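K.L.:
Predicted model and sequence follow; I will ask about them next.
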Amino acid sequence: MAEAERIINTPDTPGDGAQEAPEPARDQRTGRGRRIAVLFAVAAFAYALDLISKTLVVAKLEGHAPIKLVGDLLELHAIRNPGAAFGFGAAFTVIFTLIAAAVIVVIMRLARKLYSFPWAVALGLLLGGALGNLTDRIFRAPGVFEGQVVDFIAPKGFAIFNLADSAIVCGGILIVLLSFRGLDPDGTVHKD
């Protein structure tokens, strides 16, 4: 009987022991939905850690002597950075704000095609870090789109940075590794 129903394209009736095959489109939407949820969960976690750490640094460390964590190798030292990494481009704060906003838009557009868990984590780190530094640029002094980013992690002989910067760098490194492995955001693997 099932063979005849298959040939004439009539579905099995519920309750006769037959199971419906899942719809591929629904499976793809569910998989993509999970990856997008991972992206936003990682972004929210990175963003929250950055905001909390900066709030504590401004309240407890700004205007005080640096705190030595590991001798002279690592200190907590609060500064305000109007530029990018290493204090580069202090006169271009508005441009860095626009770049951060553009990165966020690009990530949101990529999310529509996202089927890869590692890419979801990488993009989540980038999104959370970009949002963290963008929040400083918008809401901190000296003014909207010209705000200075709070940096406080000071390794000896290196630039002072924050947790948003760390999330951006880790996300970027992960994207480079995924690209070298040939894994695309849509989950396909290509070999060059």
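P.N.:
That came through fine.

K.L.:
what about Ile153, which helix or strand?
P.N.:
Using DSSP states H and E, Ile153 sits in strand 149-155.

K.L.:
contacts for that strand?
P.N.:
Strand 149-155 has contacts (Cβ atoms under 8 Å, 6 or more residues apart in numbering) with 53-54, 57-58, 61-62, 66, 73-82, 133, 136-137, 140, 159-166. Where you see a C-beta, it was placed from the backbone N, CA and C, and this is true even at glycine.

K.L.:
so how far is that strand from its chain's centroid?
P.N.:
Between the centre of strand 149-155 and the centre of its chain there are 19 Å (Cα atoms, centre = their mean, to the nearest Å).

K.L.:
Can you tell me which of the contacts of strand 149-155 end up in helices?
P.N.:
Ser53, Lys54, Val57, Val58, Asn133, Asp136, Arg137, Leu163, Ala164, Asp165, Ser166 (DSSP state H).

K.L.:
Number of residues surrounding the closest residue to the fourth one other than its chain neighbours?
P.N.:
In space, Val58 comes closest to Val150 once its chain neighbours are excluded; the distance is 6.1 Å by Cβ to Cβ, 6 or more residues apart in numbering. For Val150, the count of nearby residues is 24 (other Cβ atoms under 10 Å).

K.L.:
Val150 bridge partners, please.
P.N.:
Arg80 (DSSP bridges).
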